[in-house]
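Novice: Give me coordinates for this.
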Amino acid sequence: MKPALFVLLSAVCLRPVWGQIAQTHPEYCGLPGDVNPPPSDISASLDPQGHATLYIGRGNSARGILLMLDSLPSLISELTQVCPLSHGRMVVFADYVGTDLYIVDPSKTALVDSFLAYNPVISPDQRWIAYMKFYPRGVEGAAEYMIYDLTKTPTQNRPDGVGGSIDVGKVIFPPGHENFPASNTVGPVDQEHLGGTRLYWAADSRAILFGERARSGPGIVFITLDEKGVPSAFRHPLTPAEICGRDIPSGSPLSWRLDQVEIGPDAAGSRVILLDIGSGDSRCAPHVLQLHSEDFQTAKTEVHVRPGYTRGAIVDGKEVIPPKKEK
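Specialist: Here you go, the predicted structure:
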């Protein structure tokens, strides 16, 4: 953890969190075009314990907002980005174990909402935040992908209106999953979705794409959203030739990454998708894979049963494990 410091929140000079601003183009906070100038009247301070206060205004007239998660002061290593929204609010990103998100109303000097996430990205129209649901390090978790609706209240963005900083948003992938406590730490091993790539938005904010490493093999996931944010999930399994850019024995494991993604406009229900794929394998070379939305199949709906216990979940500071089977 860093010592006490004063951080100017700037899109230019601060290190971004991995996946935080993962747009197709060098976009800032979901806005198309070049990097916006940083807010000149926004600053923050971190005390030695990592508690952060955001300041609105300058000098003696600056108003402070203590950044909280639930009812406790946040523990963060640095503030990394401030995203001004068109309706006057701001989204503040902070770095700790994952990414802390704080939604702030500067006019009221108020913290509206806060939650934890992995790889959050704001949509270009600034309505949605897409991210992977948080789970603590050391826990046997699986990837669950969510959206947060910035036009709704904190209560509306939580299942059954239940508060908290982890069980936040609506599941968009895998299909069939529900958002409940530790929902991303349960399920059959053969359905486990491992960590994926950054999330990429289409310019019209109606589609999201990311790569994932599932037990069934690597693939590209393509999510479409209707005007109400109802998702439809599709998946394209990657072949070794698509990963490597050349034919290679199918049994050979390959490391790969998405370096850049271009999602074309929706033309009568069809999109062209360009994937800049890199590999750490000496047999492969970076290349561009072109897919069309028709190349994706409807993702399999999974059975997601809410168990009486959660293997590996942390509850009240203790790990919850399955009960012992009777002999």
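
Novice: Strands along the stretch 101-250 of the chain, start to end?
Specialist: In the stretch 101-250 of the chain, strands defined by DSSP state E, counting those that start in this stretch lie at 110-122, 128-133, 145-149, 170-173, 193-194, 200-201, 207-214, 217-225, 231-237, listed in chain order.

Novice: closest to H304 out of these?
Specialist: With CB to CB as the measure, strand 170-173 is the member of the strands of the stretch 101-250 of the chain nearest H304 (8.7 Å). Backbone N, C-alpha and C define where each C-beta goes, glycine included.

Novice: could you say what helices and strands that closest one packs with?
Specialist: If you count contacts as 3 or more CB pairs under 8 Å, 6 or more residues apart in numbering; DSSP states H and E, strand 170-173 packs onto strand 145-149, strand 217-225, strand 231-237.

Novice: just to revisit the earlier point, hey, least reliable of the strands of the stretch 101-250 of the chain by pLDDT?
Specialist: Of all those, the minimum mean pLDDT falls on strand 193-194 (a mean of 75).

Novice: related to what we said a few turns ago, out of the strands of the stretch 101-250 of the chain, deepest packed?
Specialist: Sort the strands of the stretch 101-250 of the chain by mean neighbour count, taking mean count of other CB atoms under 10 Å, and strand 128-133 sits at the top with a mean of 26.

Novice: Need the residues that contact that strand.
Specialist: Under the contact criterion CB atoms under 8 Å, 6 or more residues apart in numbering, strand 128-133 has outside partners 91, 99, 101, 117-123, 143-150, 166, 168-169, 171-172, 179, 183-184, 195-196, 199, 201, 205, 208, 225, 229.

Novice: what inclination does it have with respect to strand 207-214?
Specialist: Inter-element angle recorded for strand 128-133 and strand 207-214: 10 degrees (by axes from the mean of the first three to the mean of the last three CA atoms, to 10 degrees).

Novice: so where is the stretch 151-300 of the chain shaky, pLDDT-wise?
Specialist: 186-191, 249-253 (pLDDT under 70).

Novice: For it, just list every one of the helices.
Specialist: 240-244 (DSSP state H, counting those that start in this stretch).

Novice: C244 is nearest to which of the strands of the stretch 101-250 of the chain?
Specialist: Closest to C244 of those is strand 217-225 (CB to CB; 11.5 Å).
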